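**Student:** what follows is a protein structure lacking sequence information:
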């Protein structure tokens, strides 16, 4: 049987969350790690926009938005009920982080990288969303309720990025619940699996099968 093919980039947060959902779904896919400075023609043929993740299900069906890949994976198989039986709150929260927090995070990263004078203001813009997570995690173990959901694994890669911008500041920041939530993921076997370093894919590469099954 031909497996679905996922074009991925190890440290891209969008590709990371696609791999997280596929891992959680316990489905098997062929993983093709690429670099965007040398995009394979097969990847561009599948999706001319050339950004990861790209999931190729067949010659006529391609999914090239990370949240759509996550929803495809979990609609196919959701053994841990991460969709929480279709909770609308999940998609609303993800949309808020995708549409608002991500822009603030990019400005924060740029301010740190280029030593700009507005670093504190950029960080404070991000903190609006981090404080929201802290309040949620004060009420229950995961973002939506006591049970892990799609929301947790969808925002995880971006919170990881936030924590790495000013590492020393983050370590002393007043967000103990967020830190605990993030560390639990970063120290998990799942995170080690989805962040495993693989050879870059080429037409002659051996097939790398990625799955959450043990």
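**Tutor:** The structure has been received and is ready for your questions. As the structure is a computational prediction, the values presented were derived from the model and not from experiment. Numbers count the residues shown, from 1 in each chain.
**Student:** residue 8: neighbour count?
**Tutor:** 26 (other C-beta atoms under 10 Å). All C-beta spots, glycine's among them, are computed from the backbone N, C-alpha and C.
**Student:** what pairs with it across the strands?
**Tutor:** For residue 8, the beta-bridge partners under DSSP bridges are residue 33.
**Student:** show me the contacts for it.
**Tutor:** Residues counted as contacts of residue 8 (C-beta atoms under 8 Å, 6 or more residues apart in numbering) are 15, 18-19, 31-34, 52-53.
**Student:** and of those residues, the nearest to residue 78?
**Tutor:** The shortest approach to residue 78 among the contacts of residue 8 belongs to residue 18, at 15.1 Å (C-beta to C-beta).
**Student:** hang on, isn't that closest one packed against residue 6?
**Tutor:** Yes. Using C-beta atoms under 8 Å, residue 18 makes contact with residue 6 at a distance of 6.7 Å.
**Student:** which neighbours do these two share?
**Tutor:** 53, 55, 69.
**Student:** would you turn these into CSV with distance to residue 131?
**Tutor:** Shown next, in CSV, are the shared contacts of residue 18 and residue 6 (distance: C-beta to C-beta, whole Å):
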residue, distance to residue 131
53, 30
55, 34
69, 29
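**Student:** narrow the residues you listed to those in helices?
**Tutor:** Using DSSP state H, the subset of the shared contacts of residue 18 and residue 6 located in helices is residue 69.
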